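K.L.:
Can you look at this prediction? I've put the sequence above it.
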Amino acid sequence: MSLVRLNIKGISYSQTQNGAYALILNEVDGDRKLPIVIGAFEAQSIAIALEKEIRPPRPLTHDLFKNFADRFDIVVKQVIIHKLVDGVFYSSLICERDKIEEIIDARTSDAIALALRFQAPIFTYKNILDKAGIYLKVNPKKEDEEQDSILVDDLIAEEIENAVADQEGYKDKSLEELNSLLEEAVNNEDYEKAAKIRDEISKR
């Protein structure tokens, strides 16, 4: 499977999921965007890494990881978003120490926060981008004007929300099916998934 390189386009606040944000990744050699729902803490950590002028007085968790890795000569070479299941993206950190490569499982939000700190490239597989990638209707002139902003324009926030809902496959489910999925998620202690299903039920 071929890898596709991604850049970070920006961050959009989620109108439907309290305290959640959508991280927008942009296909380097194309026009598709990949929206990924992340938590507020991870969104803040990514935003701080993007804004070079902002330096927290004490190291954040991801800064601590970077300092720890530097001390022990561990380098994150790249991040690969390798799987998408029920709207959840799975990622791997490709690390190297003493010329020995290791693959470490990570949440996508954490992996991207670390990729920024290590200046490591971010990749996904073409089939994931084919499945979850979207084309956003953005005015090219306005996009150029707001190139420096890490916050995505509110006008495209709704389109991102719809795309995320499509990824999770909840839009086509009936209320009865959603309640059944919610019960199953709670029983499996998958609270992140349960929260997303609850939000979809609330929207109805």
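P.N.:
Right, received. Where do you want to start?
K.L.:
Please tell me how far the most far-flung residue of the chain relative to its centre sits from Asp70.
P.N.:
Ranked by distance from the centre of the chain (Cα atoms, centre = their mean), the top residue is Asp98, with 29.9 Å. Separation of Asp98 from Asp70 (Cβ to Cβ, to the nearest Å) stands at 15 Å. (Each C-beta comes from the backbone N, C-alpha and C, glycine too.)
K.L.:
quick one, phi/psi of the residue farthest from the centre of the chain?
P.N.:
phi 50, psi 40 (degrees, to the nearest 10).
K.L.:
Surely Asp130 is in a helix?
P.N.:
Yes. The assignment for Asp130 is a helix, going by DSSP: H, G, I helix; E, B strand; the rest coil.
K.L.:
ok so, going back, any idea whether the residue nearest to the residue farthest from the centre of the chain when sequence neighbours are not counted is helix, strand or coil?
P.N.:
If the residues on either side of it in the chain are set aside, Asp98 comes closest to Asp73, at 7.2 Å by Cβ to Cβ, 6 or more residues apart in numbering. Three-state assignment for Asp73 (three-state DSSP): coil.
K.L.:
Pretty sure Asp73 sits against Lys99.
P.N.:
No. Assessed by Cβ atoms under 8 Å, Asp73 is found out of contact with Lys99, at 10.5 Å.
K.L.:
These two: which is more packed in?
P.N.:
Asp73 (9 against 5; other Cβ atoms under 10 Å).
K.L.:
do you know how far that one is from Gly39?
P.N.:
Separation of Asp73 from Gly39 (Cβ to Cβ) stands at 30 Å.
K.L.:
again, but for Phe65
P.N.:
Distance from Phe65 to Gly39, by Cβ to Cβ: 16 Å.
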